[in-house]
Each structure stands twice: as C-alpha cells, then as structure tokens.
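> Take this sequence and fold it.
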Amino acid sequence: MPNRVKRHIFFALFLALQGLFFGHEAGAQGRVIHITWSDEARKSIKEERIESQLSFLADSLCDGRATGSIGNVEASAWIARRFRTLGLKEIGGSYFHSFIADNGAVARNVIGFMPGSTKHNRERYVIVAANYDSYGKLDGRMFPGADSNASGVVGMLEIAGTFRRMQEMTRTYSKSFIFVALDAKRLSLGGARVLWSMIEDGELKDPVSGETITKEKIALMVNLDQIGSSLSPLHSGRPDYLIALCGSNPGFFNILADCNTRYDVNLDLSSDYYGSKDFTRMFYSRVSDQKIFLENGVDAVMFTSGITMNNNKPGDLPSTLNIPVLKKRIFLIFEWLEKI
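Got it, this is the predicted structure:
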C-alpha cells in the first residue's frame with residue numbers, strides 16, 4: 001500500500017478516534033476546544049508565505065509583469081511551478097496556454113486543475129481566477145502591482161493549497177476546481193476572452209475523465225481582483241473588510257455572510273461597491289475578467305478590497321498591504337467555496 005494512502009487512512013482513523021473517545025479537548029480555563037476541518041484550513045494559510053509570494057511577484061525580477069515582457073514570463077513560470085508543487089494537474093499536457101494579445105505580444109494563461117474527490121457529481125466545475133499581468137515599466141519606473149493583482153494571484157494559490165491540504169486529510173469534494181492565472185487583463189481582458197474561447201471551442205478538457213468541460217458544467221466563475229489592501233474601508237475604523245459582487249445572485253452573498261459568522265472571521269462585508277449602483281455595475285459587469293463569463297450566461301462573483309490611491313502606480317508595494325486581513329479574506333473565500 002502506498003505511503004500516501006497509509007497516511008490518509010491513519011489521519012481518518014485519528015479523527016474518528018478523537019471524536020469517539022475524546023470528542024473535545026479542554027483548554028486551560030476549562031473551555032471546550034473542538035477540532036474541526038475549518039481549524040485545519042485556517043492553520044494551513046500562512047502569513048509568512050503570503051508575504052513571500054507577494055514580494056516575489058512585485059519584485060524587480062518580474063519587472064511589473066507587463067504582458068509579453070520577460071518579467072511577465074518569469075511570473076507565469078513561477079505560478080506554474082507553484083501549481084506543480086500544489087499537485088494541480090495540467091490541462092492539454094501543459095499549464096501554459098498561449099495567445100496573441102491586442103498589442104501583438106505573446107501572452108500566457110496558466111491553468112491548473114484539481115479534480116473532485118468523490119464520484120458523485122464530480123463533473124461540476126468552479127473556475128477560480130486572478131489576473132497576474134500589470135503595467136511593467138513606464139518612463140523608466142516599475143509598476144510592481146502588489147495589490148493589482150499579485151494579491152489576487154496569491155489568494156488563488158493559497159486557496160488551491162488549502163483545498164489540496166484538505167484532500168490530503170481525507171476531506172472530499174463533489175466539485176472540481178479550475179485555477180487560472182489570467183494574462184492580458186489590461187489588454188481588453190484578453191486572458192478571460194481566450195479562456196472562454198477554449199470553453200466555447202471544446203478545447204478545455206477534464207484531464208482525469210477526458211470529458212469536455214462545457215459551459216453547462218461550469219457552476220461558477222470566481223474572480224479575485226485586488227484583495228490585499230485596507231486603505232479603502234467600507235466604514236471608518238474597520239480595516240478588516242471585503243467586497244463581494246454577486247450580481248443577481250444574493251444567495252452567494254448570504255452563504256458568505258453565514259461563513260463569516262460561523263467561522264468567527266467577522267469581516268465587514270458588502271455586496272455592493274461602496275453603496276453606488278453605478279460603480280457596482282461598472283466593476284461587476286464591465287472592467288474585470290468575470291465580465292466575459294457574465295456575457296455568456298455563466299454566474300460569477302468578484303471579490304475585491306476596492307481601489308486605493310496606490311493602485312496602478314509605482315507605490316503599489318507589498319508594504320502597503322494588510323497581510324493579516326488578507327489571510328482572513330483568503331480563509332473566508334475558501335470556506336465559502338466549500339459551501340457553494
């Protein structure tokens with residue numbers, strides 16, 4: 001029997017025996033501490049790793065990650081290595097899916113696949129995406145794009161890693177996940193358009209079953225776009241907040257709010273963009289990657305912490321982000337993805 005299978009069996013027996021013989025653990029003041037899947041998920045998301053990954057993507061080695069640049073290629077290769085480390089499967093024999101962007105440059109989406117772990121209804125797919133391109137250099141100054149959108153990419157990677165960790169601990173999921181680092185957002189949402197073309201043309205195939213992933217099998221597209229800052233709070237004195245734009249699907253937000261309370265995350269949540277119908281419509285339907293899926297009849301949710309004075313400027317540095325709050329946001333989005 002492979003060692004990995006043995007570890008899975010051992011951990012399952014360990015949890016079962018805990019529940020059977022102990023049920024709980026008593027704290028120093030007699031407080032009862034229940035060991036849960038959510039505790040393990042929370043522990044698997046590390047602030048040090050979040051900070052390290054943000055620093056790499058915003059480093060001069062990636063040189064602002066402009067589509068077609070050497071720095072962009074460096075970033076995409078690093079994301080692919082992270083996908084491999086996390087055990088995500090290639091689609092079509094590669095993580096890289098190249099295309100020509102509107103400026104004539106070669107762009108690359110990076111796609112990793114995580115199959116569901118139960119046979120029942122496994123061919124139900126959720127796309128979790130974040131664009132990784134930024135503006136590169138303008139007039140000799142680098143635009144590091146820490147919040148826009150290294151924060152979304154790191155959030156996506158941490159969510160993928162947490163799902164992987166849960167599967168290793170025998171947690172089962174009836175849906176499969178497609179994790180996508182999108183290129184060329186700043187060139188007419190190029191990466192999202194090409195991803196949709198792959199779906200429309202039958203080129204996106206499940207690497208486990210070999211079946212074509214059709215539009216009808218995609219339950220949801222989730223877009224993480226600038227989720228690292230606390231500089232534009234919803235309410236004064238509340239740096240711990242998150243905006244979730246769900247369009248005409250309030251049920252998604254209701255599940256998020258329930259997870260926020262149930263798992264004691266307690267972020268200040270909003271389902272609109274600072275109370276403005278016009279800005280909500282713009283950010284949800286016009287200017288970010290979920291737009292392409294919405295236009296083609298696929299439900300989508302966009303997570304963001306809003307625009308700040310640093311976005312799309314040389315001052316968009318990792319040091320301006322709130323890492324503890326970013327960790328909370330990642331954990332809450334993970335729990336929400338488990339429940340939808």
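> from memory Leu189 sits against Asp289, does it?
Yes. Between Leu189 and Asp289 there is a contact under Cβ atoms under 8 Å: 5.6 Å. Placement of C-beta: from N, CA and C, glycine included.
> When the two are compared, which one has more neighbours?
Under the neighbour definition other Cβ atoms under 10 Å, Leu189 and Asp289 were set side by side, and Asp289 has more, 29 against 22.
> Could you report the distance from that one to Asp139?
Between Asp289 and Asp139 the computed distance is 27 Å (Cβ to Cβ, to the nearest Å).
> Could you measure from the residue nearest the centre of the chain over to Leu234?
Central residue of the chain (Cα atoms, centre = their mean): Met156, 2.5 Å from the mean position. Going from Met156 to Leu234 by Cβ to Cβ gives 23 Å.
> How about Ser98?
39 Å.
> out of the two, which sits in the busier spot?
Shown here are Ser98 and Leu234; by other Cβ under 10 Å, Leu234 has more neighbours (20 against 13).
> can I assume that one sits in a strand?
No. According to DSSP: H, G, I helix; E, B strand; the rest coil, Leu234 belongs to no strand; its state is coil.
> any idea whether Thr162 is helix, strand or coil?
helix.
> coming back round to it: now do the residue nearest to the centre of the chain, the pLDDT please.
For Met156, the model assigns a pLDDT of 98.
> In three-state terms, label the closest residue to it other than its chain neighbours for me.
Leaving aside its sequence neighbours, Met156 sits nearest to Ala130 (Cβ to Cβ, 6 or more residues apart in numbering; 4.6 Å). Following three-state DSSP, we place Ala130 in the strand state.
> Report the beta-bridge partners for Ala130.
Bridge pairing for Ala130 (DSSP bridges) gives the partners Ala181.
> contacting residues for it?
Counting by Cβ atoms under 8 Å, 6 or more residues apart in numbering, Ala130 touches Asn149, Gly152, Val153, Gly155, Met156, Val180, Ala181, Leu182, Asn223, Leu224, Asp225.
> okay if I get those as CSV plus distance to Glu295?
As requested, these are exported to CSV (distance: Cβ to Cβ, whole Å):
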residue, distance to Glu295
Asn149, 21
Gly152, 21
Val153, 24
Gly155, 24
Met156, 22
Val180, 17
Ala181, 21
Leu182, 16
Asn223, 14
Leu224, 20
Asp225, 17
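> Buried members of the residues you listed into ChimeraX, please.
With 16 or more other Cβ atoms under 10 Å as the criterion, this ChimeraX line picks the buried residues out of these:
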select :149,152,153,155,156,180,181,182,223,224,225
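> Just put the contacts of Ala130 in a markdown table and tack on secondary structure and distance to Ser69.
Listed next are those as a markdown table, based on DSSP: H, G, I helix; E, B strand; the rest coil; distance: Cβ to Cβ, whole Å:
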| residue | secondary structure | distance to Ser69 |
| --- | --- | --- |
| Asn149 | helix | 16 |
| Gly152 | helix | 19 |
| Val153 | helix | 16 |
| Gly155 | helix | 23 |
| Met156 | helix | 21 |
| Val180 | strand | 20 |
| Ala181 | strand | 15 |
| Leu182 | strand | 16 |
| Asn223 | strand | 23 |
| Leu224 | strand | 22 |
| Asp225 | coil | 21 |
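> Just the closest of the contacts of Ala130 to Ile91, please.
Val180 (9.7 Å; Cβ to Cβ).
> Skipping its backbone neighbours, what lies nearest that closest one in space?
In space, Val180 is closest to Ala129, 4.3 Å off (Cβ to Cβ, 6+ apart).
> How is Arg65 assigned, secondary-structure-wise?
Of the three states, Arg65 takes coil according to three-state DSSP.
> residues contacting it?
By Cβ under 8 Å, 6+ apart, Arg65 lies in contact with Leu57, Gly71, Asn72, Ala75, Tyr132, Asp133, Ser134, Gly136, Gly145.
> Just the buried ones from these?
Among the contacts of Arg65, the ones that count as buried by 16+ other Cβ under 10 Å are Leu57, Gly71, Asn72, Ala75, Tyr132, Asp133, Ser134, Gly136, Gly145.
> Output those residues in TSV; the columns should cover distance to Gly116.
Below are the buried ones among the contacts of Arg65 laid out as TSV (distance: Cβ to Cβ, whole Å):
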residue	distance to Gly116
Leu57	29
Gly71	35
Asn72	32
Ala75	29
Tyr132	26
Asp133	30
Ser134	33
Gly136	38
Gly145	33
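> Can you name every helix or strand that the lengthiest strand in the chain contacts?
In the chain, with assignment by DSSP state E, the single longest strand is strand 106-114. Helices and strands touching strand 106-114, by 3 or more Cβ pairs under 8 Å, 6 or more residues apart in numbering; DSSP states H and E, are helix 70-85, strand 96-100, helix 151-168, strand 176-182, helix 190-200.
> all helices of this protein, in order?
For the chain, the helices defined by DSSP state H occupy 3-17, 37-44, 47-57, 70-85, 151-168, 190-200, 250-262, 277-285, 290-295, 323-339.
> domains of the chain?
Listed by automatic domain parsing, the domain ranges of the chain are 1-35, 36-339.
> Residue ranges in the stretch 151-300 of the chain under the pLDDT threshold?
Residue ranges of the stretch 151-300 of the chain with pLDDT under 70: none are present.
> list the contacts for the nearest residue to Arg238 once chain neighbours are set aside?
The shortest distance from Arg238 to any non-neighbouring residue, by Cβ to Cβ, 6+ apart, is to Asp268 (4.4 Å). Counting by Cβ under 8 Å, 6+ apart, Asp268 touches Pro233, Leu234, His235, Arg238, Asp240, Tyr241, Leu242.
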